[in-house]
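A.B. asks: Sharing a model prediction with you, sequence too.
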Amino acid sequence: MPDYFVIFVNFLSSLPTYLLNGILATGYWLGDSSAAIVSILCAGLIIRFVDKRVQSRAAFRPGRSGREAATPELYTAQITTAFVLVLWMISQWGMGAPVPWLGAAMWITGAILLLLVHMQEHTLLWNVKSGIVIYSLAVIGSRLYLAYTAQLTSDQWAALIGSSENAATVIANTRGNVTSIILWALWLVIPLGYFAMLLQQVLINPMSLVNPLAGATELINRYRTRR
């Protein structure tokens, strides 16, 4: 008959080890998934504060006596952001640094600018989403290309090239050159183009000297009611 007291004592003595291992495993998982978590948080901020405001403004229909006419409640902006987030999660899944963190930086920059800059908010929101979509598709395309070329044998490469004598050299050079181009595009060209596009969009209009954080609608209302 088992001694339940001894089993219980052994369990209590081992409990701190189990808890420590659980904490370490959770910490390692959070560290590996931190870029994805940051992206999700930024997308949540955009959905909660920016998409809702832009969607309500787009669906606004003035009625009689200045009242808003009844319109069906739409969630197009929120759904678009959710789609972009899902696409980014799929593209960066299993990717090594720095691609996940570059994407997270794109989400962070976009969220901060959207929360602070209200001029041409709809256009800026679209540029943020389209830029992340372009980067996600570039990551997916590069992964598909590298996975496909890794499965090709020398004979298959020779069939594509037309010669079997220099197949190994051509394979090495081709993979090296294309991989270098892919890395330059994913690590530098596309992210820098994204940041430059957002900066140009922010600086396209002069800042209001009265209320720097005001949107176009607020400024128009201020000018109309000025006496």
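C.D. replies: Sure thing, it's come through.
A.B. asks: buried stuff in the helix or strand hosting V133?
C.D. replies: Here V133 is covered by helix 121-151, with elements defined by DSSP states H and E. Taking 16 or more other C-beta atoms under 10 Å as the neighbour-count basis, helix 121-151 is seen to contain the buried residues 121, 124-125, 127-129, 131-133, 135-136, 138-139, 142-143. The C-beta positions use only the backbone N, C-alpha and C, and glycine is treated the same way.
A.B. asks: And those residues, which is closest to R48?
C.D. replies: L125 (13.3 Å; C-beta to C-beta).
A.B. asks: how about the closest one, what does it touch?
C.D. replies: The contact partners of L125, by C-beta atoms under 8 Å, 6 or more residues apart in numbering, come to 46, 50-51, 54, 77, 114.
A.B. asks: Restricting to C-alpha, output stretch 108-122 in CSV.
C.D. replies: Taking C-alpha atoms only, stretch 108-122 is exported to CSV below (Å, rounded to 0.1, in the frame of the first residue of the first chain):
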residue,chain,number,x,y,z
ILE,A,108,4.6,50.8,-33.0
THR,A,109,5.4,53.7,-35.3
GLY,A,110,2.0,53.5,-37.0
ALA,A,111,0.1,53.4,-33.8
ILE,A,112,1.9,56.3,-32.2
LEU,A,113,1.5,58.5,-35.3
LEU,A,114,-2.2,57.6,-35.6
LEU,A,115,-2.8,58.4,-32.0
LEU,A,116,-1.0,61.8,-32.1
VAL,A,117,-1.5,63.1,-35.7
HIS,A,118,-5.1,63.7,-36.7
MET,A,119,-4.5,65.6,-40.0
GLN,A,120,-5.5,63.4,-42.9
GLU,A,121,-6.1,60.6,-40.5
HIS,A,122,-7.9,58.3,-43.0
